[in-house]
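[1] Take this sequence and fold it.
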Amino acid sequence: MLSYHKAGATLGALALGGTLLAAAAPAQAASSSPLPVPTGDGAKSICKRLPKTEARIQKALTRLNGPDTEAGSVARLQQRVDNAKTAGQTAVYTYLNDRLTFRKSLIPTLTTRQNDLTAVAGWCSSMGYGGTPASAQ
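    All right, here's what the predicted structure looks like:
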């Protein structure tokens, strides 16, 4: 008789637990909604961050166009590529040359972004959001 009581209690506990989980599932589904839809284009934020963004792009362009003594410059990586080729290190040469190709592609991309920021700075000023680029300060 004792085993029947234990089985009944266990079955009751499982049924109660299942009921609680089933009730909690719709509440969880309702609270995990997707991200809210943006209400604007973020123009004020872009204008606010404009000086820092322009300074970051200028710093990157200065580094990329630097001499072969500057870490991160195209010239320095080109020297490393040449050294690997001279030493006959084919795998290293291929790896570094691919990095050099990518690094060279950054210069026109960053230059385009820098020019775009100049236009954005004019728009920000005309809208009263500020947005004077760091190079104009």
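[2] And for V81, nearest residue in space, chain neighbours not counted?
    L96 (4.7 Å; C-beta to C-beta, 6 or more residues apart in numbering). C-betas here are computed from N, CA, C, even on glycine.
[3] now the one you found: how far from A84?
    Distance of L96 to A84, computed by C-beta to C-beta, to the nearest Å: 6 Å.
[4] Low-confidence regions, the protein specifically.
    Within the chain, the segments meeting pLDDT under 70 span 1-33, 38, 131-137.
[5] Not counting its neighbours along the chain, what's nearest the residue positioned nearest the centre of the chain?
    To find the centre residue of the chain, average its C-alpha atoms and take the closest one (C-alpha atoms, centre = their mean): that gives T53, at 13.8 Å. With C-beta to C-beta, 6+ apart as the criterion, T53 has its nearest non-adjacent residue at 6.4 Å, and that residue is L117.
[6] do the same with R99
    Computed as C-beta to C-beta, 6+ apart, the closest residue to R99 that is not its neighbour in sequence is L77, at 6.3 Å.
[7] so which strand or helix has the residue nearest to T53?
    Counting by DSSP states H and E, the secondary-structure element that holds L117 is helix 90-127.
[8] Give me the buried stretch members for that helix, please.
    Counting neighbours by 16 or more other C-beta atoms under 10 Å, one finds that the buried residues in helix 90-127 are 93, 96-97, 100, 103, 110, 114, 117, 120-121, 124.
[9] other SSEs contacting it?
    If you count contacts as 3 or more C-beta pairs under 8 Å, 6 or more residues apart in numbering; DSSP states H and E, helix 90-127 packs onto helix 43-64, helix 74-86.
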